[in-house]
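Q: Compute the structure for the input listed below.
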Amino acid sequence: MGSVHMNPEDCINAVDQLETGQNGAKLVMVAAHWGTFKLTDEPMDEPPTRMRKLWLTAGRDSEALWIMRHGETRTIP
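A: Got it, this is the predicted structure:
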């Protein structure tokens, strides 16, 4: 699914690149529509677990990673 989806490692890289291009702006990462359909060989809950681990290992703020539950909504201030 790499041609249409990003894996957690790609997401961390993209956030790093976006922050660099925005003069150090801090971004919120929103992980959404994971686990909706079984499309890969990995367990369905692996990507969000891996994303959280990579995010925290990179020293990022846990509040800036939103891993949405199915049907969850958030208000952006």
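
Q: now the helices for this structure?
A: 8-21, 46-57 (DSSP state H).

Q: For L39, what are phi and psi?
A: Backbone geometry at L39, expressed as degrees, to the nearest 10, gives phi -120, psi -10.

Q: How many neighbouring residues does it have?
A: 10 (other Cβ atoms under 10 Å). C-betas here are computed from N, CA, C, even on glycine.

Q: Please report how far it lies from T49.
A: 17 Å (Cβ to Cβ, to the nearest Å).

Q: One more: T20?
A: 27 Å.

Q: CA atoms only for stretch 3-15, dumped as CSV, please.
A: C-alpha atoms of stretch 3-15 as CSV (Å, rounded to 0.1, in the frame of the first residue of the first chain):
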residue,chain,number,x,y,z
SER,A,3,2.0,4.0,-3.2
VAL,A,4,-1.1,5.4,-1.5
HIS,A,5,-0.3,5.2,2.3
MET,A,6,2.5,6.2,4.6
ASN,A,7,4.0,3.9,7.1
PRO,A,8,4.9,5.2,10.6
GLU,A,9,8.5,5.7,9.6
ASP,A,10,7.5,7.8,6.6
CYS,A,11,5.2,9.9,8.8
ILE,A,12,8.0,10.7,11.2
ASN,A,13,10.2,11.7,8.2
ALA,A,14,7.4,13.9,6.7
VAL,A,15,6.8,15.7,10.0
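
Q: So what's the gap between that stretch and the chain middle?
A: 8 Å (Cα atoms, centre = their mean, to the nearest Å).

Q: per-residue confidence averaged over it?
A: For stretch 3-15, mean pLDDT rounds to 85.
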